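> Okay, here's the prediction I keep looking at, along with the sequence it came from:
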2 protein chains.
Amino acid sequence: MSTRIPVYLDCDTGVDDAVALAYLLRSDAVDLVGIGTVSGNIDSAQAARNTLDLLELAGHPDIPVAIGAHDHVTHPYGGGAKHVHGENGIGGVELPRAAAEPDARDAVQLLIDLSHAHAGMLQVLTIGPVTNIAHALERDPSLPSRIAGVTAMGGAALAQGNITPVAEANIYNDPEAADVMLRADWDTVLVPLDITMQHTLHDGDRERLLASNDPFVRAVGEILDHYLDFYVEEFGERLSPLHDPLAAMAVAGAAGIGRPLRVPVEIDTTQGPGRGQTVVDMRGQRRGPRDHAGVRTLVLFDGEESLAEDLMATLLRGA
Amino acid sequence: MSTRIPVYLDCDTGVDDAVALAYLLRSDAVDLVGIGTVSGNIDSAQAARNTLDLLELAGHPDIPVAIGAHDHVTHPYGGGAKHVHGENGIGGVELPRAAAEPDARDAVQLLIDLSHAHAGMLQVLTIGPVTNIAHALERDPSLPSRIAGVTAMGGAALAQGNITPVAEANIYNDPEAADVMLRADWDTVLVPLDITMQHTLHDGDRERLLASNDPFVRAVGEILDHYLDFYVEEFGERLSPLHDPLAAMAVAGAAGIGRPLRVPVEIDTTQGPGRGQTVVDMRGQRRGPRDHAGVRTLVLFDGEESLAEDLMATLLRGA
């Protein structure tokens, strides 16, 4: 019997989504049982096509991919981040088109079905806006009772934002959905910019991926190219922060991941300058990390320096 | 002819206001030409009484003190922070009552009159909510043309807040006023928690003040007692962060004060969880400090480690 953690992935593939997907497929700790897509980096239909094509290359055409929400809870999809992720979401790289088509169910139904098939065990991992999660909670309010936990790439606690001065893009793109997710009766671990901007892949890592014998791993290296360019403005060199991959490593319980802190988090759903901010109450922590008992949100702040190299080792395993 | 900088001080005295006042009175660089009070740490009338009593002890009964706004721009005064500053605002210390009474003008009129008397030279220093400044801009829209600059203790950029997870108390207590101040046609330097929490007085400093021959300096030492207790919860020991004193040192151009950064700042005036936050756009600064040309707000982030000792040296000068 497998001791792997069954994971439902909700994604908007996306360059760093592709890296996270590669990690999940190569990790010994995870059994990726289904994938839903959402509009974010790219629209949900294109995200599904990118995901199917990556799965085929990776030798996993069997994993169901269901298209999720095109628009967000209270507002339409804004058109994505093509300047970051390229016109097709995966850095302009043209992957061989997989034979597989999206699942007949929508992402919400796939998640609900998987929550029954893996009741009490299923981990939900979100690496895009969490629109599907909010819809799933609405369609089946009993969902949290069958979910072991939620891990979400999103937010900025004490770090600056990336889409506004204080908001991170995944949360900003659907704050109302994030608010619903954080109020649900489950533990949510946020993986915010505070940690993801501290761990990066560099151009040499990309070259190591390109040198692989595995066409899937090589494709991930190609996909990274455009993304590395974008971050020159931010870092002054070609670096890729590990936004989505770190959330994948957190759900997999990777060795170098620190202990997340249980702290109150409120989502700003106003139309003011704080819209989409994760308002994280870090007061009283000057004397050292301190958990708030009973709080259902956790924030991951720390990870060992080796995380980027651990990610690379998993991607290159057996390749 | 004096080369001292003429300063109008707007305060809510207040323990750290008292320390800032002592610095301004003892500094060679500043000519404190008038003081207005506002409700914040304590109500504006009590703040004026505290200020008059301190001025008398300091040998400056001649400096006009005008009572300013009791309530804020869109909401009533909330009752202050007596748990931090004591029942009377100055740590429960009973000062000898000065003969001097508040100026017949209100704080707004005093500021406007001083802006004419020192046209083009007057520096405005605020160390409480900036209600009076907003009212002054309304009463005399030409005010900025006669003001050399504004320095305000307030806000939190990347630091956590102190009254909410993201808001600092001075701004939170009147965000609508702060919004008016930052949109006015003058340069405003914010001195936020990012710097003020990094510089502290400790119990040994208080004892040095208590050992002074100068009754004014001894009174400041006594006033600090209650405040040091409050911060044990935050720091684990008796420390006083230098909120208001650092703003006073900034307006005086103290040697150890760093160069403030010209960056966009927006005040959150919503009723959401971000209310009162200074939304500071620090994006794109990972490669080093970068000014935004044309922006009228500056944020002070850095100061030399010696600032607390420099403050002490000024307070103890000749005492």
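Sure, I can see it.
> Please count neighbours and contacts with C-alpha atoms only from this point.
OK.
> Residue A:63 - how many residues pack around it?
Other residues lying near residue A:63 total 17 when counted by other CA atoms under 10 Å in any protein chain shown.
> Please apply the same query to residue A:14.
The burial count for residue A:14: 32, using other CA under 10 Å.
> In contact with it, which residues are there?
The neighbours of residue A:14, taking CA atoms under 8 Å, 6 or more residues apart in numbering or on different chains as the test, are A:41-42, A:47, A:85, A:89-90.
> 7 Å instead?
Contacts for residue A:14 were tallied using CA atoms under 7 Å, 6 or more residues apart in numbering or on different chains; they are A:41-42, A:85, A:89-90.
> Please apply the same query to residue A:227.
The neighbours of residue A:227, taking CA under 7 Å, 6+ apart as the test, are A:15, A:84-85, A:91, A:240.
> Show me which of those residues is closest to chain B.
Nearest to chain B, judged by CA to the nearest CA, of the contacts of residue A:227 is residue A:240 at 14.1 Å.
> isn't that closest one right up against residue A:200?
Yes - using CA atoms under 7 Å, residue A:240 is in contact with residue A:200, at 5.1 Å.
> Tell me which of the contacts of residue A:14 fall in strands.
Assigned to strands by DSSP state E, none of these qualify.
> sorry, back to before: of residue A:240 and residue A:200, who's got more company?
Taking neighbours as other CA under 10 Å, residue A:240 and residue A:200 compare with residue A:240 leading, 26 against 17.
> what's the following helix or strand after the host helix or strand of the more buried one?
In this structure, residue A:240 sits in strand A:239-241 according to DSSP states H and E. As assigned by DSSP H and E, the chain's next helix or strand after strand A:239-241 is helix A:243-251.
> That following helix - contacts with which helices or strands?
Here helix A:243-251 touches helix A:15-26, strand A:147-153, going by 3 or more CA pairs under 7 Å, 6 or more residues apart in numbering or on different chains; DSSP states H and E.
> Reformat these as TSV; add distance to residue A:72 and mean pLDDT.
Converted to TSV, these look like this (distance: least, CA to CA, whole Å; pLDDT from 0 to 100):
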stretch	distance to residue A:72	mean pLDDT
helix A:15-26	19	98
strand A:147-153	17	98
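> Mind putting those into JSON lines with mean neighbour count and distance to chain B?
Converted to JSON lines, the helices and strands packed on helix A:243-251 look like this (neighbours: other CA atoms under 10 Å in any protein chain shown; distance: least, CA to the nearest CA, whole Å):
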{"stretch": "helix A:15-26", "mean neighbour count": "24", "distance to chain B": "20"}
{"stretch": "strand A:147-153", "mean neighbour count": "24", "distance to chain B": "19"}
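> My reading is that residue A:66 lies in a helix. Confirm?
No - applying DSSP: H, G, I helix; E, B strand; the rest coil, one finds residue A:66 to be strand, outside a helix.
> What residues does chain A have near chain B?
Residues of chain A lying near chain B by CA under 7 Å from any CA of the partner chain: A:158-160, A:165-166, A:234-236, A:268, A:270, A:272-274, A:279-284, A:286-287.
> Make a PyMOL selection of the buried ones in the residues you listed.
In PyMOL, this line selects whichever of those come out buried by 16 or more other CA atoms under 10 Å in any protein chain shown:
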select buried, chain A and resi 158+159+160+165+166+235+268+270+272+273+274+279+280+281+282+283
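> Just to be sure, which of the residues of chain A next to chain B are found in strands?
Mapping the residues of chain A next to chain B onto strands (DSSP E) picks out A:279-280.
> In helices only, show me the residues of chain A next to chain B.
Secondary-structure check on the residues of chain A next to chain B using DSSP state H: residues within helices are A:234-235.
> show me what contacts whichever residue of the stretch 101-250 of chain A sits closest to chain B?
For the stretch 101-250 of chain A and chain B, the shortest gap (CA to the nearest CA) falls at residue A:165, measuring 4.6 Å. Counting by CA under 7 Å, 6+ apart, residue A:165 touches B:279-283.
> Got the phi and psi for it?
Dihedral pair for residue A:165: phi -60, psi -30, per degrees, to the nearest 10.
> Same check on residue A:32?
Here residue A:32 shows phi and psi, under degrees, to the nearest 10, equal to phi -80, psi 100.
> For it, report the pLDDT, please.
Note for residue A:32: predicted pLDDT of 98.
> List the residues that contact the closest residue to it other than its chain neighbours.
Spatially, and ignoring its direct neighbours in sequence, residue A:32 is nearest to residue A:7 (4.9 Å; CA to CA, 6 or more residues apart in numbering or on different chains). Each residue near residue A:7 by CA under 7 Å, 6+ apart is listed here: A:30-33, A:122-125.
> Return the list of strands paired to the strand holding residue A:240, each annotated with direction.
Next to strand A:239-241 in the sheet, as set by DSSP bridges, lie strand A:200-202 (antiparallel).
> residues near the residue lying closest to residue A:223 once chain neighbours are set aside, how many?
Once flanking residues are discounted, residue A:223 sits nearest to residue A:91: 5.0 Å by CA to CA, 6+ apart. Residue A:91 has 22 neighbours, counted by other CA under 10 Å.
> Test my guess that residue A:91 contacts residue A:226.
Yes - the criterion here is CA under 7 Å, and residue A:91 meets it with residue A:226 at 5.2 Å.
> What about residue A:304, how many residues nearby?
Neighbour count of residue A:304, defined by other CA under 10 Å: 12.
> In this structure it contacts residue A:256, no?
Yes - using CA under 7 Å, residue A:304 is in contact with residue A:256, at 4.9 Å.
> Quick one: end-to-end length of stretch A:298-317, please.
Taking CA to CA, to the nearest Å, stretch A:298-317 runs 31 Å from one end to the other.
> Let me fix that, I meant to ask about stretch A:130-144.
Length of stretch A:130-144, first residue to last, CA to CA: 15 Å.
> Quick check, central residue of chain A?
Centroid-nearest residue in chain A, with CA atoms, centre = their mean: residue A:127, separated by 1.8 Å.
> And residue A:167, how close does it get to residue B:23?
According to CA to CA, residue A:167 and residue B:23 sit 39 Å apart.
> where does the stretch 101-250 of chain A dip in pLDDT?
Along the stretch 101-250 of chain A, segments meeting pLDDT under 70 are nowhere present.
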